[in-house]
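S.K.: One predicted model, sequence on top.
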Amino acid sequence: MVGHAIAALWLFWAISWLLAASWADPAQKRADIRAEVRYRILWLAGTALMFVPAHGYVGRFRLWMPTLTEAWICVALIAVGIAFAWWARLHLGRLWSATVTAKADHRIVDTGPYGLVRHPIYTGLLLSILATMAVKGTIWGIAGAALLLIGVVVKAKIEENFLRGELGPAYDDYAKRVPMLVPFAPA
């Protein structure tokens, strides 16, 4: 039952995220595609490892087995993370893009979840990824989460450099006020 709930949450996120891609305005400028290849490879490998089935597995690659209560807490955290990512996506509106781009009338959005962290979509997804790893309790889950975390940080840094180039000192000021990924951490 827990495994089905986790699969349903991730499936909901993936399908709804893909369908919502049509909301975005066209890009005016893109980051270098070669830079994007790095994080995409990390994301692909991390996702493949993260979703190696673990239900019922009790071999040496399982490092811990959460209780039923702990597993449902992880399911709730996955849902919270996905909801936070969706809040950020809806708040960003037509400025959202799956790749690192600038849109016409691109501007700093520093309200809503973007007042808490500069990359709230990644923050929400990282919470969901870490909760998925915790409920799996396997070496594959840890390796997948690690690759996904590295991939998110790589993409966030590419975005940071790109946005600094596009938005100049205004983005530097925003970065001084708002932490990158962890709410309430020093910026």
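M.R.: Yes, it's here.
S.K.: Just the residues contacting the lowest-mean-pLDDT helix or strand in the chain, thanks.
M.R.: Lowest by mean pLDDT, DSSP states H and E among the helices and strands of the chain is strand 27-30, with a mean of 74. Applying Cβ atoms under 8 Å, 6 or more residues apart in numbering, the external contacts of strand 27-30 come out as 97, 99-104, 106, 166. Where C-beta positions appear, they are placed from N, C-alpha and C, glycine not excepted.
S.K.: Narrow the residues you listed to those in strands?
M.R.: Judged by DSSP state E, the contacts of strand 27-30 include 101-103 as members of strands.
S.K.: What is the neighbour count of the nearest residue in space to Leu148 that is not next to it in sequence?
M.R.: Distance criterion Cβ to Cβ, 6 or more residues apart in numbering; nearest residue to Leu148, sequence neighbours excluded, is Gly46 at 3.6 Å. Neighbour count of Gly46, defined by other Cβ atoms under 10 Å: 22.
S.K.: Repeat that for the one 3 residues further on.
M.R.: Other residues near Leu49 number 20, with proximity taken as other Cβ under 10 Å.
S.K.: how about it, what does it touch?
M.R.: Leu49 neighbours (Cβ under 8 Å, 6+ apart): 140-141, 143-144, 147.
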